[in-house]
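Asks: no sequence for this one, just the structure:
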């Protein structure tokens with residue numbers, strides 16, 4: 001698309017033109033699916049789920065673009081973000097199921113296994129404290145410690161320096177440590 005075509009096309013989408021969204025779907029959904037399929041390493045279901053979320057986010061956050069290359073780059077950022085969010089939701093759900101299964105299998109009194117009970121309490125308290133963090137801080141912790149991305153990858157994807165990411169991680173670890181110690185002190189007083 002030329003610059004005026006891209007402006008007109010994205011302007012129709014911003015205005016909520018239904019025919020414009022049909023055109024958008026026809027022109028970009030297949031391309032976005034192929035992109036997501038590659039990023040998802042051939043996981044077709046994850047790519048399909050992420051495509052649906054991508055299309056929903058495009059409708060919600062559409063803006064006018066003057067260049068088709070910039071428009072496509074914006075779409076790929078949304079698509080990648082949708083895919084990672086879908087993968088995180090799936091991991092959390094599977095983790096929940098695993099914890100539930102382990103909890104259901106263990107029919108031993110908590111007093112007979114104090115180390116296991118303490119470990120479970122710590123795990124539950126940490127999970128609770130993570131949910132209390134702002135979304136971007138929680139995302140940073142999950143990327144670093146659950147997805148095991150290195151600081152360089154995270155910094156590049158967020159467009160900040162490695163030092164910034166390291167500082168944020170240090171601050172977040174200290175915040176979580178303080179919260180855990182506070183919960184532990186409160187638990188000890190009970």
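Replies: Yep, it's here. These numbers come from a predicted model, not from an experiment. Residues are numbered from 1 along each chain as shown.

Asks: SS state for the closest residue to residue 7 other than its chain neighbours?
Replies: Using C-beta to C-beta, 6 or more residues apart in numbering and skipping the chain neighbours, the partner closest in space to residue 7 is residue 66 (5.3 Å). The way it works is simple: take the backbone N, C-alpha and C, and place the C-beta from them, glycine included. Secondary structure, DSSP: H, G, I helix; E, B strand; the rest coil: residue 66 is coil.

Asks: quick one: neighbours of residue 66, just the number.
Replies: 11 (other C-beta atoms under 10 Å).

Asks: mind listing what it touches?
Replies: Listed by C-beta atoms under 8 Å, 6 or more residues apart in numbering, the contact set of residue 66 reads 3, 6, 7.

Asks: likewise for residue 157?
Replies: Residue 157 makes contact with no residue, according to C-beta under 8 Å, 6+ apart.

Asks: need phi/psi at it.
Replies: Note on residue 157: its backbone torsions stand at phi -70, psi -30 [degrees, to the nearest 10].

Asks: gap between residue 58 and residue 132?
Replies: Distance of residue 58 to residue 132, given as C-beta to C-beta, to the nearest Å: 30 Å.

Asks: neighbour-wise, which of those two wins?
Replies: Higher neighbour count among residue 58 and residue 132: residue 58, with 20 against 11, using other C-beta under 10 Å.

Asks: and the more buried one, what element?
Replies: helix 44-61 (DSSP states H and E).

Asks: now that helix, how far from the chain's geometric center?
Replies: With C-alpha atoms, centre = their mean, to the nearest Å as the basis, helix 44-61 stands 13 Å off its chain's centre.
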